[in-house]
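Peer 1: here's my sequence, what's the structure:
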Amino acid sequence: MTGSKKVYTTADAALEGLLHDGMLIAAGGFGLCGIPELLIDALVRSGVKDLTIASNNCGVDGFGLGKLLDTRQIRKMISSYVGENAEFMRQYLSGELELEFNPQGTLAERMRAGGCGIPGFYTKTGVGTVIAEGKEVKTFDGQDYILERAIVADLSIVKAWKADDTGNLVFRKTARNFNPPAAMCGRVCVAEVEEIVMRGSLDPDMIHLPGIYVHRIVQGPHEKRIEQRTTRKKETA
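Peer 2: Have a look, this model is predicted:
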């Protein structure tokens, strides 16, 4: 660890003492955009198992959270989308992996609510579908809403662009997806960042997540793999 109480030198050090089998982890990112690559690799190395992970998706085969599927460290996923990961689908269809489907907005709000101390909320999304099975239904102004419970995770792992040593975070463009609500809902939040800047150098109006939510920070290089590279042919003169 460095001189700051929140800044750690490696992802492994940043997770030290936080991991245990059977824990619930909230992970930021959307597809491969804004995913905590370094912390995911550290989870793989740790060998922690029987994990429940709340994340929009589970990476792709062999990268991102998909690495934890390859090592069979995940017991259950709370996700919105599984279409880019063949191993995810295989494990789910074979009964090796539990899956709790959530609409994307509902999943983001469950995380945000957990971070705000709100135990649950009612939403129209999913009414009359399999999403509503077993959930309380209430009628407001003549329309049905289902109760969704907040997510409070044992650990949040997120990826940001910049941070100061107090944990104030700035996310870059589309990487500001599930990262802020995922960070908020963890009892402990570990953020990996591309750059750590001097305290006071961030414009307060540009901070996307205040440092009160962030407990540990690690800086490092990122591969930033592109999930689906789509290009057009070069036009001829």
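
Peer 1: remind me which residues of the chain are low pLDDT?
Peer 2: Scanning the chain with the threshold set as pLDDT under 70 gives 1-3, 237.

Peer 1: all helices for it, in order.
Peer 2: Using DSSP state H, the helices of the chain run over residues 11-15, 37-46, 66-70, 86-93, 104-116, 179-184.

Peer 1: would CSV of these with distance to A54 and mean neighbour count be doable?
Peer 2: C-beta here means a position set from N, CA and C on the backbone, and glycine is covered the same way. Shown next, in CSV, are the helices of the chain (distance: least, C-beta to C-beta, whole Å; neighbours: other C-beta atoms under 10 Å):
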stretch, distance to A54, mean neighbour count
helix 11-15, 17, 20
helix 37-46, 14, 21
helix 66-70, 13, 20
helix 86-93, 15, 16
helix 104-116, 7, 20
helix 179-184, 7, 27
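
Peer 1: include distance to E194 when you put those helices into a markdown table, please.
Peer 2: Formatted as a markdown table, those follow (distance: least, C-beta to C-beta, whole Å):
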| stretch | distance to E194 |
| --- | --- |
| helix 11-15 | 14 |
| helix 37-46 | 11 |
| helix 66-70 | 21 |
| helix 86-93 | 27 |
| helix 104-116 | 23 |
| helix 179-184 | 13 |
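
Peer 1: how long is stretch 113-121 from one end to the other?
Peer 2: 8 Å (C-alpha to C-alpha, to the nearest Å).

Peer 1: to V60, which of the helices of the chain lies closest?
Peer 2: If you check each of the helices of the chain against V60 by C-beta to C-beta, helix 66-70 wins as the nearest, at 5.3 Å.

Peer 1: please state the offset of that closest one from the chain centre?
Peer 2: The chain centre lies 15 Å from the centre of helix 66-70; the measure is C-alpha atoms, centre = their mean, to the nearest Å.

Peer 1: contacts for that helix?
Peer 2: Outside helix 66-70, the residues that touch it by C-beta atoms under 8 Å, 6 or more residues apart in numbering are 40-41, 43-44, 51, 53, 58-60, 62, 74, 85, 87-88, 91, 97.

Peer 1: CA atoms only: put it into PDB for me.
Peer 2: In PDB, the C-alpha atoms belonging to helix 66-70 read as follows (Å, rounded to 0.1, in the frame of the first residue of the first chain):
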ATOM      1  CA  GLY A  66     -15.900 -15.000 -18.300                       C
ATOM      2  CA  LYS A  67     -12.600 -16.000 -16.800                       C
ATOM      3  CA  LEU A  68     -14.400 -16.800 -13.500                       C
ATOM      4  CA  LEU A  69     -16.800 -19.000 -15.400                       C
ATOM      5  CA  ASP A  70     -13.800 -20.900 -16.900                       C
END
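
Peer 1: where do the strands of this structure begin and end?
Peer 2: 7-8, 24-27, 51-54, 74-79, 98-101, 120-123, 137-140, 143-149, 155-164, 169-170, 189-197, 216-219 (DSSP state E).

Peer 1: would you turn these into JSON lines with distance to M206 and mean neighbour count?
Peer 2: Compiled in JSON lines, the strands of the chain are given as follows (distance: least, C-beta to C-beta, whole Å; neighbours: other C-beta under 10 Å):
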{"stretch": "strand 7-8", "distance to M206": "20", "mean neighbour count": "20"}
{"stretch": "strand 24-27", "distance to M206": "24", "mean neighbour count": "26"}
{"stretch": "strand 51-54", "distance to M206": "27", "mean neighbour count": "23"}
{"stretch": "strand 74-79", "distance to M206": "30", "mean neighbour count": "20"}
{"stretch": "strand 98-101", "distance to M206": "35", "mean neighbour count": "14"}
{"stretch": "strand 120-123", "distance to M206": "29", "mean neighbour count": "15"}
{"stretch": "strand 137-140", "distance to M206": "37", "mean neighbour count": "10"}
{"stretch": "strand 143-149", "distance to M206": "31", "mean neighbour count": "16"}
{"stretch": "strand 155-164", "distance to M206": "9", "mean neighbour count": "26"}
{"stretch": "strand 169-170", "distance to M206": "6", "mean neighbour count": "24"}
{"stretch": "strand 189-197", "distance to M206": "11", "mean neighbour count": "21"}
{"stretch": "strand 216-219", "distance to M206": "18", "mean neighbour count": "24"}
